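# next comes the sequence, and after it the predicted model I'd like to discuss.
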Amino acid sequence: MRRLAAAVLTGALVVSGCATEENPADPLQVAATLEPARPAVSPAQSATPEGVVLPAGPATSVAVAGGRVAVAVAEPPSVLLFPSSLAGPVTAALPGPAERLVAVGDAVEATVPSAGVVVTVAPDGTSSSRSVSGGPVDVARLGDLVLVAQRDARQVSVLGGSGGEHVVRGISSPDRLVVAGDAAVVLDRPRSAVFDLDTTSETPGAGLRAGDGATNAVADRFGRVFVVDTRGGELMSFSTSPLIMRLRYPLPGAPYGMAYDADRDLLWVTLTERNEVVAFDVSGADPVERHRYAAVRQPDSVAVDPGSGRVFVASGDGQGMQVIG
């Protein structure tokens, strides 16, 4: 394991977030053409997945809300809502494939970039949508503010509060939003970088490289932001205000999907190159592996129910949803 102290940030560069998408002068850019990392194409399964596997089409995201499990599937574009008993799901149609599901109380919000909408799906399967131009790919809440990442528009919209709508521009690809305490961070996949997001500014704050191909991020209850480097095979953590890299931990197997169990301080990560899901105790300064299970093939997304501790791993190629615990 390689742990980085706050005073020594080997390989981490601090920059502003206003560089263009393909700018050789950008210190965060490591290639002439930016190409975001993607989940590894999983091999054929060599082990029986832990737990039980429920039928589901090719999944793009999974989330737990109000004790229900929501799985976004690409064909046909829809959200499957499984009750706590895991009986037959309720289906809510979507106008296009959802890139991300985010729990909001008992409901889930599905970002549908191809249709330019964010769809709210209630527990009974009824839905409503609001138009969001610019390819919405993620949503997050910071106090009474709603943050919407718009990849095509290269911006994050800040909605609510006393100021109405505000836009933070100058992000080449705002792919993931993470709220850690009272701070917000945006992940730029092509540049494999994270940026401070000041909701009152017109541009993002300082940025840091996050490995060679960062793809996903989550926050824990201590205010840290964990990021996986899929291309480089690493788990990283950052503190906020200011943004500082605190940890680099080797994690072979093309880590991709992430979920955090705040009740148990377990960080769950899928390894798409190995068809595995692994859990780390992150209650201390260094991660400690607690669980490692065989997963469904192409385990692109994972969610956890903090109440029961059950873990849900969704297959990106239609091999179903795995339930552990």
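Great, that's in hand. Residues are numbered from 1 along each chain as shown.

# how close does residue 54 sit to residue 150?
Shown here: residue 54 relative to residue 150, a distance of 33 Å by C-beta to C-beta, to the nearest Å. C-beta here means a position set from N, CA and C on the backbone, and glycine is covered the same way.

# wait, residue 78
For residue 78, the distance to residue 150 (C-beta to C-beta) stands at 23 Å.

# which one of residue 54 and residue 150 is surrounded by more residues?
residue 150 (23 against 19; other C-beta atoms under 10 Å).

# and that one, bridged to which residues?
When bridges are called by DSSP bridges, residue 150 pairs up with residue 136, residue 155.

# show the contacting residues for it.
132-137, 156-157, 174 (C-beta atoms under 8 Å, 6 or more residues apart in numbering).

# gap between it and residue 177?
Using C-beta to C-beta, we find residue 150 at a distance of 11 Å from residue 177.

# which residues do those two both contact?
Counting by C-beta under 8 Å, 6+ apart, the common neighbours of residue 150 and residue 177 are residue 156.

# and the contacts of residue 150, which are buried?
If you count burial by 16 or more other C-beta atoms under 10 Å, the buried members of these come out as 132, 134-137, 156-157, 174.

# just list the residues touching the residue nearest to residue 289 when sequence neighbours are not counted, thanks.
The shortest distance from residue 289 to any non-neighbouring residue, by C-beta to C-beta, 6 or more residues apart in numbering, is to residue 280 (5.6 Å). Neighbouring residues of residue 280 by C-beta under 8 Å, 6+ apart: 235, 266-267, 269, 287-290.

# can you do 6 Å?
Counting by C-beta atoms under 6 Å, 6 or more residues apart in numbering, residue 280 touches 267, 287, 289.

# which of those residues tops the neighbour count?
residue 267 (24 neighbours).

# next SSE after the helix or strand encompassing that one?
Using DSSP states H and E, residue 267 maps to strand 266-271. The element immediately downstream of strand 266-271 (helix or strand, assigned by DSSP H and E) is strand 276-281.

# can you tell me the average pLDDT over that following strand?
The average pLDDT within strand 276-281 is 98.

# direction included, what does that strand pair up with?
The partner list of strand 276-281 in its sheet, established with DSSP bridges, is strand 266-271 (antiparallel), strand 288-294 (antiparallel).

# most tightly surrounded among these?
When the strands paired with strand 276-281 are scored by mean count of other C-beta atoms under 10 Å, the highest mean neighbour count falls to strand 266-271 (a mean of 25).

# neighbours of residue 241, how many?
A count of nearby residues for residue 241, using other C-beta under 10 Å, gives 12.

# relative to whatever helix or strand residue 218 lives in, what are the paired strands and their orientations?
Counting by DSSP H and E, the element that carries residue 218 is strand 214-219. Strand 214-219 has the following strand partners under DSSP bridges: strand 225-229 (antiparallel).

# tell me the angle the helix or strand just after the partner strand makes with strand 276-281.
As assigned by DSSP H and E, the chain's next helix or strand after strand 225-229 is strand 234-239. Using axes from the mean of the first three to the mean of the last three C-alpha atoms, to 10 degrees, the interaxial angle of strand 234-239 with respect to strand 276-281 works out to 30 degrees.

# which elements pack onto strand 234-239?
Counting contacts by 3 or more C-beta pairs under 6 Å, 6 or more residues apart in numbering; DSSP states H and E, strand 234-239 packs against strand 225-229, strand 244-250.

# so how far is the strand holding residue 267 off the chain centroid?
Its chain's average C-alpha position is 12 Å from that of strand 266-271, according to C-alpha atoms, centre = their mean, to the nearest Å.

# likewise for stretch 59-71?
So, by C-alpha atoms, centre = their mean, the centroid of stretch 59-71 is 13 Å from its chain's centroid.

# show me what it is in contact with.
Counting by C-beta under 6 Å, 6+ apart, stretch 59-71 makes contact with 56, 72-74, 79-84, 97-98, 100-101, 103, 106, 108, 123, 301, 303, 305, 312, 314-315, 321, all of which sit outside it.

# is the residue most central in space within the chain in a bridge, and if so with what?
Closest to where the C-alpha atoms of the chain average out (C-alpha atoms, centre = their mean) is residue 216, at 4.2 Å. When assigned by DSSP bridges, residue 216 has beta-bridge partners residue 228.

# that one reaches residue 260, doesn't it?
No - assessed by C-beta atoms under 6 Å, residue 216 is found out of contact with residue 260, at 11.3 Å.
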